[in-house]
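> coordinates only, sequence not included:
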């Protein structure tokens, strides 16, 4: 099937490359000429395990190409995926300018005829597909009309595991308004669906809501557990034991119950705020989600508060080591990363910061510039530091050489922002250990 994907960010590039890997003929379009030039050379502008290899292979085999010309991509395609960004506006609502601009461009590319299935894969507020349809109809109806469908197909990819999530999804959600659109989406996703991975069809608005509701639920679990962790600290309980106790209940499960310094990234913060804004437009207050958002903002400050409390006399002149900059492991994404709050607070207090992240140095440099030092290895970051702050739970940090850590640090003090290490063991080894909700 001939498919066009508009947008080559996390969603668009992963979708385009994986659709090509499944045998479809795919053209990805983007207005960023430098990004398209890199992709044509087989270079990925984002870090995502396995993605660059898929891009290179499918370009070699002629199933995937890249262009800056939207019409060139869309005209021969039966299906066009819209996968452009929907950044938050100042009030927290989603900015739909890019989505609607693409819709207008697709209308012009239809040339008054031909069948297209326009699939909105961007995360968008409920009712956006109706707006996309209206934009296209307003243009094509003046020129004889066109036969097209608009489908909602939200993505549920986890950064750091996006390729695997697309190739082996736990479910695919499609909001359709016609049998033709349903059959087209079945054909697209048939190679990726297993018996245990349902292809769920529903009305368009329910599909749009499903994306926001899913992310809001996961964010709620994280903020809830962080609240419990903060209470555990005050009562002498251990949140790791509490997690085991409640996670063993099959009605609850143990996913997204890790206490720490809050969630970040391009999805949870933006989508929670957008859903709150959507409800406000309807005259309804989402009290639970407002609290989820507030708790998360506050939680990003907790690690910094513990550092200040420990040193007491102030942080001016202190050298602090940071392990982990990206908002989560296996990505270089710095959007809404808790490390930004932590590092900005340390710098404002006069501390010197040396940081290490396995892949996010370049994206972090865009955020911090030369205000911090970027170490070439985890242990180099510790040299002469007064404390280590673990901010992102990369796998290589899970079982470090504690003796080597201790020898590099000026003082054996660690602030474990992700509860990655066992407190009792570190204390036996002579470390001063601070976690989240560990009694």
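Okay, I see it. On a predicted model such as this, the values are computed, not experimentally measured, just so you know.
> tell me how far stretch 308-319 is from the chain's mean position?
Its chain's average C-alpha position is 33 Å from that of stretch 308-319, according to CA atoms, centre = their mean, to the nearest Å.
> Three-state assignment for the nearest residue to residue 271 once chain neighbours are set aside, please.
Residue nearest to residue 271 in three dimensions, not counting chain neighbours: residue 215, with 4.3 Å by CB to CB, 6 or more residues apart in numbering. All C-beta atoms are positioned from the backbone trio N, CA, C, and that covers glycine. Assigned state for residue 215: helix (three-state reduction, DSSP: H, G, I helix; E, B strand; the rest coil).
> tally of neighbours for residue 215?
Neighbours of residue 215 under the rule other CB atoms under 10 Å: 23.
> residues near residue 366, how many?
If you count neighbours by other CB under 10 Å, residue 366 ends up with 8.
> can you check residue 174 too?
Using other CB under 10 Å: residue 174 sits among 22 other residues.
> you'd agree it is in a helix?
No: Residue 174: not assigned to a helix; according to three-state DSSP it is strand.
> got a list of what it touches?
151, 152, 153, 181, 182, 185, 189, 199, 200, 201, 202, 207 (CB atoms under 8 Å, 6 or more residues apart in numbering).
> can we see that at 7 Å?
Counting by CB atoms under 7 Å, 6 or more residues apart in numbering, residue 174 makes contact with 151, 153, 185, 199, 200, 201, 207.
> from residue 269, how far out is the residue nearest to residue 271?
10 Å (CB to CB, to the nearest Å).
> and residue 188, how far from residue 175?
Counting by CB to CB, the gap from residue 188 to residue 175 is 14 Å.
> between those two, which one's more packed in?
Neighbour comparison, residue 188 and residue 175: the larger count goes to residue 175, with 26 against 23 (by other CB under 10 Å).
> that one touches residue 203, doesn't it?
Yes: contact criterion CB atoms under 7 Å: residue 175 and residue 203 qualify, at 5.9 Å.
> for residue 310, give me its contacts.
For residue 310, the contacting residues are residue 413, by CB under 7 Å, 6+ apart.
> the domain parsing of this protein - what is it?
With automatic domain parsing as the criterion, the domains of the chain are listed as 2-202, 212-298, 300-434.
> which residues in the stretch 151-300 of the chain form strands?
With strands called from DSSP state E, counting those that start in this stretch, the stretch 151-300 of the chain shows them at 172-175, 199-202.
> let me have the ones you listed in CSV, extended by distance to residue 328 and mean pLDDT.
Output for those, formatted as CSV (distance: least, CB to CB, whole Å; pLDDT from 0 to 100):
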stretch, distance to residue 328, mean pLDDT
strand 172-175, 23, 97
strand 199-202, 26, 96
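> identify whichever of those strands lies nearest to residue 260.
strand 172-175 (28.7 Å; CB to CB).
> ok, back up a step: going by distance to residue 242, which of the contacts of residue 174 wins?
Among those, and counting by CB to CB, the member closest to residue 242 is residue 200, at 33.3 Å.
> that closest one - how many residues pack around it?
Neighbours of residue 200 under the rule other CB under 10 Å: 13.
> now for it: which residues touch it?
Neighbour list for residue 200: 171, 172, 173, 174 [criterion: CB under 7 Å, 6+ apart].
> can you rerun that using 10 Å?
171, 172, 173, 174, 175, 206, 207, 210 (CB atoms under 10 Å, 6 or more residues apart in numbering).
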